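In: Give me coordinates for this.
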Amino acid sequence: MRITNLLLLLNPASSFTLQMSSTTPSAPTKTSPSQKPQQSPPSSNRDILVRSARGETTERTPVWLMRQAGRYMAAFREYSDKYPFRQRSETPSMATELSLQCHRAYGMDGIIMFSDILTPLPVLGIEFDVVKGTGPVISTDIRSEEDVKALKDVADVDFDESLPFIREILGTLSREAEAADTSLIGFVGAPFTLAAYTIEGKSSKNCLPTKKMMMADEVGTSKAMSQFLDILGEMIGKYACHQIDCGAQVIQVFESWAHQLSPKHFEQFAKPAAQKAIKIIKDKHPDVPVIYFANGGSSYLELQRDMGADMIAVDWSVDMKVAREILGPDIAISGNIDPTVLFGTKEQIEQAVRDCIDKAGGPGKHLLNLGHGVMQGTPEEAVGWLVDECKRYTGKE
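Out: Purely as a prediction, here's the structure:
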């Protein structure tokens, strides 16, 4: 159900709650690794995304969108045009409101916390800001083993002390999600992506300093890269667990800079560090599904089968049918409509939804998403058309 004409009435401190019935999430359908997931009995919308992320076949295909809380929405821009990013993401009333706007308008099957993958870096003593028109800027230099040793000890990290706003944001969103009969998604950046951002200091076209550090690590002249990734893997795993403790029901791990990696360097550096973070999450919260998304990593999709995640999200550069064939029937999959399709006609958008669902195996066989985030300038009604068609589509006749 789409709920409209409400968001313009809200202010940063508002705590609007959808008055909808809530149902206790159903227990997951148990399957062995060699079996395809069995279809769960019809349940409420509350846990359909969670069940899909676990690899269960659901009664329909659930949907959420990366960057669904974003600048394509006029209501969102009322905040982004006025307040700097960190103020928005670290002020609970603002972050909560920005997380909820899109769900109120379009009814995705999940609410994702408005935040950033760089948010936990200060717990290690790495300082950053997000500059409008420039993006993230990191002022802490990490280039040597000495730089890595100077970081704060991850064993001493207390997220409630260092990032107190996270518990308040997720606690409020958890209550809102339950009232709205939907799921709450948390997210983290993968270790390599956070390492590269830190080393480069900002967005980078070729990541040359990062790649030089990887090559130095390979020949043993400096182990700074592997040491840094090891620390980040532990910190990110613990940060994701903290989000779950605060109310998140699903975690997506974003390897946003996977396009900078060759298959060799992915397997040698990024993959083990991400696996370490995912293992920490699954060891503490085995029933909470983890989704791994390597943006630009479709050229080595076969290397992602054993990430340890419950689901692999794929970018738009690979055909969904091909991705399904590469990953195999036992790996749950999410994705992967080209975000630029949302600039097309209603008919083109609806056809793209149907094609993606069919190629993934049919309704209920995957978790629909874009193959990247919603782009700035996307027509707002286009997002509604996508969500509505996904919920409506029952398969080929």
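
In: pLDDT at G133, what is it?
Out: On pLDDT, G133 comes in at 80.

In: how close does it sit to Y72?
Out: Applying CB to CB, to the nearest Å, the value for G133 to Y72 is 17 Å. Heads up, the C-betas are built off the backbone N, CA and C, glycines and all.

In: neighbouring contacts of the helix or strand containing T193?
Out: Taking DSSP states H and E as the definition, T193 sits inside helix 191-200. For helix 191-200, the surrounding residues in contact (CB atoms under 8 Å, 6 or more residues apart in numbering) are 117-118, 121, 126, 136, 138, 140, 142-143, 189, 204, 207, 209-210, 213, 225, 228-229, 232-233, 236, 254-258, 260-261, 269-270, 273-274, 276-277.

In: quick one, which of G133 and Y72 is more surrounded?
Out: It is Y72, of G133 and Y72, that has more neighbours when counted by other CB atoms under 10 Å, with 21 against 4.

In: Quick check: that one touching G373?
Out: No. Look at Y72 against G373 with CB atoms under 8 Å: they stay out of range, at 9.6 Å.

In: Tell me the buried residues in whichever helix or strand comes after the helix holding T193?
Out: As assigned by DSSP H and E, the chain's next helix or strand after helix 191-200 is helix 208-219. By neighbour count on 16 or more other CB atoms under 10 Å, the buried set for helix 208-219 is 210-211, 213-214, 216-217.

In: Would you pull up how far helix 208-219 lies from the middle of the chain?
Out: 27 Å (CA atoms, centre = their mean, to the nearest Å).

In: by how many degrees do that helix and helix 191-200 diverge?
Out: With axes from the mean of the first three to the mean of the last three CA atoms, to 10 degrees as the basis, helix 208-219 and helix 191-200 are set at 120 degrees to each other.

In: now helix 208-219: mean pLDDT?
Out: Mean per-residue pLDDT for helix 208-219: 97.

In: Export stretch 126-145 to PDB, keeping only CA atoms.
Out: What follows is stretch 126-145, C-alpha atoms only, in PDB (Å, rounded to 0.1, in the frame of the first residue of the first chain):
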ATOM      1  CA  ILE A 126      40.300   7.800  11.700                       C
ATOM      2  CA  GLU A 127      38.700  11.200  11.200                       C
ATOM      3  CA  PHE A 128      36.500  12.000   8.200                       C
ATOM      4  CA  ASP A 129      33.900  14.400   6.900                       C
ATOM      5  CA  VAL A 130      31.500  14.300   4.000                       C
ATOM      6  CA  VAL A 131      31.800  17.500   1.900                       C
ATOM      7  CA  LYS A 132      28.900  18.500  -0.300                       C
ATOM      8  CA  GLY A 133      30.000  18.400  -3.900                       C
ATOM      9  CA  THR A 134      33.200  16.400  -3.000                       C
ATOM     10  CA  GLY A 135      32.100  13.400  -1.000                       C
ATOM     11  CA  PRO A 136      34.000  11.800   1.800                       C
ATOM     12  CA  VAL A 137      37.300  13.400   2.900                       C
ATOM     13  CA  ILE A 138      39.500  11.500   5.300                       C
ATOM     14  CA  SER A 139      42.300  13.400   7.100                       C
ATOM     15  CA  THR A 140      44.100  10.500   8.800                       C
ATOM     16  CA  ASP A 141      47.100   9.100   6.900                       C
ATOM     17  CA  ILE A 142      47.500   5.300   6.700                       C
ATOM     18  CA  ARG A 143      50.500   4.400   4.500                       C
ATOM     19  CA  SER A 144      52.800   2.400   6.800                       C
ATOM     20  CA  GLU A 145      52.900  -0.200   9.500                       C
END
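
In: buried sites along it?
Out: Using 16+ other CB under 10 Å as the test for burial, stretch 126-145 gives 126, 128, 130, 136, 138, 140, 142-143.

In: mind checking how far it is from the chain centre?
Out: Distance, stretch centre to chain centre, for stretch 126-145: 21 Å (CA atoms, centre = their mean).

In: And the contacts of it?
Out: With contact meaning CB under 8 Å, 6+ apart, stretch 126-145 is reached by 84-86, 116, 118, 121-122, 125, 147-148, 151, 195, 197-203, 209, 213, 222-224, 227-228.

In: F85: neighbour count?
Out: 19.

In: for it, what are its contacts?
Out: F85 is in contact with 116, 129-130, 132, counting by CB under 8 Å, 6+ apart.

In: May I ask which helix or strand of the chain has the lowest mean pLDDT?
Out: Between all helices and strands in the chain, the lowest mean by mean pLDDT, DSSP states H and E belongs to strand 128-131, at a mean of 88.

In: The helix or strand following that one pairs with which strands?
Out: The helix or strand immediately downstream of strand 128-131 is strand 135-138, counting by DSSP H and E. If you go by DSSP bridges, strand 135-138 pairs up with strand 128-131 (antiparallel).

In: which sections of the protein are below the confidence cut-off?
Out: In the predicted model of the chain, residues 1-43 satisfy pLDDT under 70.

In: Go again with 90.
Out: Where the chain drops to pLDDT under 90, the residues are 1-45, 129-136, 202-205, 396-397.

In: From the centroid of it, which residue is nearest?
Out: Using CA atoms, centre = their mean, the residue of the chain that lies closest to the mean C-alpha position is Q252, 3.8 Å off.

In: Who does that one form a beta bridge with?
Out: Beta-bridge pairing of Q252 under DSSP bridges involves F187, I291.

In: For A224, see how far away it is.
Out: With CB to CB as the criterion, Q252 and A224 are 28 Å apart.
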